[in-house]
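Enquirer: turn this into a model:
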Amino acid sequence: MNNLLDSSRLATGAVVPDLRPVGYDEVAALALRGLDGADRVEPAIDERLPEVLADPGLLERVVANVVDNALRHGGGAPVVLRASAHADHVELRVVDSGPGVHVADADRLFAPFQRLGDRDHSGLGLGLSVARGFTDAMGGTLTAEDTPGGGLTVVISLPAVHP
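Expert: From the prediction side, this is the model:
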């Protein structure tokens, strides 16, 4: 239900982020609380990385939606969270080693009401769409790439805060 409401807010331009410095390590810890299967998630985020400029609440929802998607569609495989700094951005990678998606379908993952290959019909297919909308609103990007060896990696990239 929250994703449906958030999708409506995004469509009407009603999402106005309150940007401030925040660490991916802090946000990931909050996002994992209460997620089904969170015990299969390995947060490997160096707390010494630069903070990102983001709305902490929106970023928590982004991370929760992306991790939830990896847990539900990753074929029961563990999910690893990794972060790294690149020039003026810090990237958080949500890595699974499940079945992955075809390269041609990667961008369709973020379309509203899209559930590639789902047969169980759980959810509305809005989680990744809302995550991308929130990330865009914060001045970042949300993309998908192949995981080496098989699976899907979703990359959340936001501007770094430099002291």
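Enquirer: only C-alpha atoms from now on, for both contacts and neighbour counts.
Expert: Fine.
Enquirer: max-length helix in this protein?
Expert: helix 56-73 (DSSP state H).
Enquirer: and that helix, which residues are buried?
Expert: Using 16 or more other C-alpha atoms under 10 Å as the test for burial, helix 56-73 gives 56, 58-71, 73.
Enquirer: secondary structure element holding V27?
Expert: Taking DSSP states H and E as the definition, one finds V27 inside helix 24-32.
Enquirer: packing partners for the following helix or strand past that helix?
Expert: Using DSSP H and E, the next helix or strand after helix 24-32 towards the C-terminus is strand 41-44. Packing partners of strand 41-44 (3 or more C-alpha pairs under 8 Å, 6 or more residues apart in numbering; DSSP states H and E): strand 79-86.
Enquirer: just checking: what are the partner strands of whatever helix or strand comes next after the strand it packs on?
Expert: Going down the chain from strand 79-86, the next helix or strand is strand 89-96, by DSSP H and E. Partners of strand 89-96 in the sheet, by DSSP bridges, are strand 79-86 (antiparallel), strand 152-159 (antiparallel).
Enquirer: can you dump the C-alpha coordinates of the last one into PDB?
Expert: Read that as strand 152-159. What follows is strand 152-159, C-alpha atoms only, in PDB (Å, rounded to 0.1, in the frame of the first residue of the first chain):
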ATOM      1  CA  LEU A 152      21.500  -9.100 -10.400                       C
ATOM      2  CA  THR A 153      23.200  -6.100  -8.800                       C
ATOM      3  CA  VAL A 154      21.200  -3.000  -8.300                       C
ATOM      4  CA  VAL A 155      23.300   0.200  -7.900                       C
ATOM      5  CA  ILE A 156      22.200   3.200  -5.900                       C
ATOM      6  CA  SER A 157      24.400   6.100  -6.700                       C
ATOM      7  CA  LEU A 158      24.200   9.400  -4.800                       C
ATOM      8  CA  PRO A 159      26.300  12.600  -4.600                       C
END
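Enquirer: which residues does that strand contact?
Expert: Identification of contacts with strand 152-159 by C-alpha atoms under 8 Å, 6 or more residues apart in numbering yields 52-54, 66, 70, 74, 88-101, 135, 138-147.
Enquirer: same deal with stretch 86-99?
Expert: 24, 49-52, 66-67, 70, 73-85, 147, 149-160.
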